[in-house]
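*Asks:* I need the structure of the sequence given here:
(2 chains)
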Amino acid sequence: MTDKSFAANEIQLVIFRLGREEYGISILQVQEIKRMTDITRVPHTPDYIKGVMNLRGSVLPVIDLRKRLNLPVGEITDNTRIIIVRIEDVTVGLIVDAVSEVTAIPQNSIEPAQTFVGGIAADYISGVGKLDNRLLILLNLSAIVGTTHAETI
Amino acid sequence: MDISQYLGMFLEESREHLQTLNESLLKLEQEPDNVSVLDAIFRSAHTIKGMSATMGYNTVAELTHEMENVLDGLRKSQLTINRFVINTLFQCVDALEQMIESIATNTEKDIDIAPLVDKLAAISKGEEESPFSGPPEEKSDQENDLSISGDDLNETELKVIRSAAAQGIESYKVKVVVREGTLLKSARAYMVIRALDELGDVIKTVPSVDDLEKENFERSFEVILVTDAEKEKIIQTLDTISELEKVEIIPYRISNPSRENELLEVSPEKGKAAADESPIPVARAEEKQLPVGKQGLERKIKSGQSLRVDIDKLDTLLNLVGELVINKTRLEQIGLTHRLTDLIETIEHMDRVTTDLQAVVMKVRMVPVGQVFNRFPRMVRDLSRELNKEINFIIQGEETELDRTVIDEIGDPLVHLLRNSIDHGIEHPAERQAKGKNPVGEIRLIARHEGNNVIIEVEDDGQGMDPETIRRKAVEKGLITQAEADKIEAAEAIKLAFLPGFSTADNVTDISGRGVGLDAVKTKIESLGGNVEVETKVNEGSKFKIRLPLTLAIIQALLIKVGEEIYAIPLGSIDSTINVAPNEIKTIQNQEVILLRGQIIPIVRLASVLNVMSAAPTARQTADSSELFIVIVHMGDRKAGIIVDNLIGQQEIVIKSLGKLLAGIKVIAGATILGNGQVALILDVGSLIAR
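*Replies:* Predicted coordinates for the structure are as follows:
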């Protein structure tokens, strides 16, 4: 309980970049972070599904997060990473421009999403976290992956 | 026929079902109105009955049959669930456990199930004993029965005792306790055994002679001796050996239960002093009375040469091997760039090892269906004799390999189907003759690959299923209303037979006809991701077709290239690959076709079906100049030609699921991982043809 890093009023986030914006997802949902690898296109899937990858023998779908959030198409660089996340019982990879850090932010520094409806689909945002002068967009992964809202997508 | 090779499977499955019975009964006790729990109990009891009858363990089958009668009554709400019923069922499960374990240790003895059978019969007749008078008494009976099983003597040892007894030669159990602080215990033990050996035959010692020699015993040990010497003579002989604290001699008879009881009654009293100070024999006696205890656990491990491994672990193993292969490929590339001879040699060696490893891991998962099939001929023979029917049982395709997961599960459903065919399908010889059929009925059990599936068929040339009868029975059993029945078409009516509780048999035999069979079959097969179809014609016979998917299985596939993408086509659905000139493709009603050996075959352009980007110019190019590669595939009777850009070659692939998120994509059946670690998609031939 007294452990600083896991204080009850803080959440641990994996911070990554898409373009110039910084995003965060709960570290509890992240399984691992991989470098960009071969991805096999799967026909007849939505365009944000980049394809499938081989993660130590299992086949995982990979989501192009820029496409999913309607951001302009980016380039694949040395910094490009695939974040392997697990939501409910679905494991998927998310392509991001770069992973910057893992950090903890206080729960009370997070603003709920609806006050920040901006350019990207608000459904996919669960809130915005403030850390010093930075704004971290917190993603609603189950909406992004489609385990909920599957019908509306 | 030797059924011992199926013993392991029988024991494993029985134990699983007993476990289910225990759990479900506990649940039923909590929720007496839960019908699905009752169904689960019924199915487990039914399966144990079927399996044990197949293996020739009639007592087990008899007891489960009686249990079924009660369960059936409960299911039909003719009987009510109360404490007494539940207790009796629990006792039955305990008795079954004892019987199964005695089979496992090869000391099969007929445990007296008569009291339990009587109780079950009373319950199913609706008579109820007072909950206080019945169970405790029976329980003690049960324990006595158990104690008859005596020592852990194996069949040979028992035979020696029996044949000695037949010649009037006595057998004794000699219990020796050495004095506390004895230095050379093993020497004392050796002297005792040698002395006894001079009097007669020592057929067993507890602990074993080995352990005695190694002093692996506390202070006491037992010797089973077959001798014509008098008891006094034995005592005299042993008296000459020093440092023995106590010698106890008990006459030993197996064939006579009452004497055996006496033995157990006498020994605690007589050997009280010894028992207090000698932990080993006491512990053993306890174990005898609690066969499911520690010793039971030990026996389970010993009872088979095969080891059951959780299939998840095999999956993990397979994935890890795949990863190893990929890393090996990387190492090879590194070795080539750096040109280090030592490294290259090591990599070559590693390559051989990983290749072998991969082959072994893949093989571990695949099992020929023959392993399950081969236990059926005995069952068919026994049943047909019992029913006075003549049946010619034919097995085909037993070499067809199936994934371990599936193999383990298909045994029960097939038992159900075969029993159905024998009991309801095949008519009596006289009846068959009257119908102008061969008096000898025929049942075929056939396995084969068909595309992405394994098909198992159970086919008989019996009386078939009459839609009219099924409708009528379904209404009688209250499964559907008369109005519903009138609306149903013949083909639909047949499907009613798969409803829970359906049965066409007027009499409940111990073979089938309780209506648990087909329902259980369907549930099981569907839980494996397959389906069951039935084709039937009155007086011509029935054919049950089980279709099982190959998920998790390893198949041979043809790898092909479209544009830059690699796809796999299961070899099982490929007829041939041909080269045709572009002008051989004709059009009929806007559908491209080719003529192959007089047959019109529709053409599928894979590049456009799969929206492959780069393929467009390639197709144009080939259309003008060279020949096209066409893979002719089939599904059932339908065929199609698939135009691909290139053929890569044949390869064994491991089918992987695309996962929940990408499930249900048309045209794609799954994925596989190629040697270089890349993912390739597997084409679903069925949906390509259907387009």
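*Asks:* ok so residue B:372 is a helix residue?
*Replies:* Yes - according to DSSP: H, G, I helix; E, B strand; the rest coil, residue B:372 belongs to a helix.
*Asks:* would you map the helices across chain A?
*Replies:* Taking DSSP state H as the test, the helices found in chain A are A:65-68, A:141-145.
*Asks:* find the nearest non-adjacent residue to residue 12, please.
*Replies:* Because you didn't say which chain, this covers chain A. Counting by C-beta to C-beta, 6 or more residues apart in numbering or on different chains, the nearest residue to residue A:12 once its immediate chain neighbours are dropped is residue A:27, at 4.2 Å. (Each C-beta comes from the backbone N, C-alpha and C, glycine too.)
*Asks:* oops, chain B please
*Replies:* residue B:308 (6.3 Å).
*Asks:* wait, is the one you found part of a strand?
*Replies:* No - going by three-state DSSP, the assignment for residue B:308 is coil, not a strand.
*Asks:* next, give phi and psi for residue B:93.
*Replies:* Note on residue B:93: backbone dihedrals following degrees, to the nearest 10 are phi -60, psi -40.
*Asks:* what is the neighbour count of it?
*Replies:* Neighbourhood size, residue B:93 [other C-beta atoms under 10 Å in any protein chain shown]: 25.
*Asks:* distance check, it against residue B:61.
*Replies:* The gap separating residue B:93 from residue B:61 is 15 Å, by C-beta to C-beta, to the nearest Å.
*Asks:* where does chain A get nearest to chain B, which residue?
*Replies:* Per C-beta to the nearest C-beta, residue A:57 is where chain A lies closest to chain B, at 2.7 Å.
*Asks:* so that residue makes contact with residue B:323?
*Replies:* Yes - with contact defined as C-beta atoms under 8 Å, residue A:57 reaches residue B:323; the gap is 5.7 Å.
*Asks:* those two: which is more packed in?
*Replies:* A direct count of neighbours by other C-beta under 10 Å for residue A:57 and residue B:323 places residue A:57 higher, at 21 against 16.
*Asks:* out of the helices and strands in the chain, which is least certain?
*Replies:* Since no chain was named, I'll use chain A. None of the helices or strands of chain A scores lower by mean pLDDT, DSSP states H and E than strand A:110-112, at a mean of 83.
*Asks:* hmm, I had chain B in mind actually
*Replies:* helix B:134-147 (a mean of 37).
*Asks:* need the next SSE after it, C-terminal direction.
*Replies:* Sequence-wise, the next helix or strand downstream of helix B:134-147 (DSSP states H and E) is helix B:155-166.
*Asks:* in that next one, what counts as buried?
*Replies:* Residues B:157-158, B:160-161, B:164-165 are the ones in helix B:155-166 that count as buried (16 or more other C-beta atoms under 10 Å in any protein chain shown).
*Asks:* keeping just the C-alphas, turn it into PDB.
*Replies:* C-alpha atoms of helix B:155-166 as PDB (Å, rounded to 0.1, in the frame of the first residue of the first chain):
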ATOM      1  CA  GLU B 155      -2.800 -62.300 -10.600                       C
ATOM      2  CA  THR B 156       0.100 -64.700 -10.700                       C
ATOM      3  CA  GLU B 157       0.600 -64.600  -7.000                       C
ATOM      4  CA  LEU B 158      -3.100 -65.100  -6.400                       C
ATOM      5  CA  LYS B 159      -3.000 -68.000  -8.700                       C
ATOM      6  CA  VAL B 160      -0.200 -69.700  -6.800                       C
ATOM      7  CA  ILE B 161      -2.200 -69.300  -3.600                       C
ATOM      8  CA  ARG B 162      -5.400 -70.600  -5.200                       C
ATOM      9  CA  SER B 163      -3.800 -73.600  -6.800                       C
ATOM     10  CA  ALA B 164      -1.900 -74.400  -3.500                       C
ATOM     11  CA  ALA B 165      -5.200 -74.100  -1.700                       C
ATOM     12  CA  ALA B 166      -6.700 -76.500  -4.200                       C
END
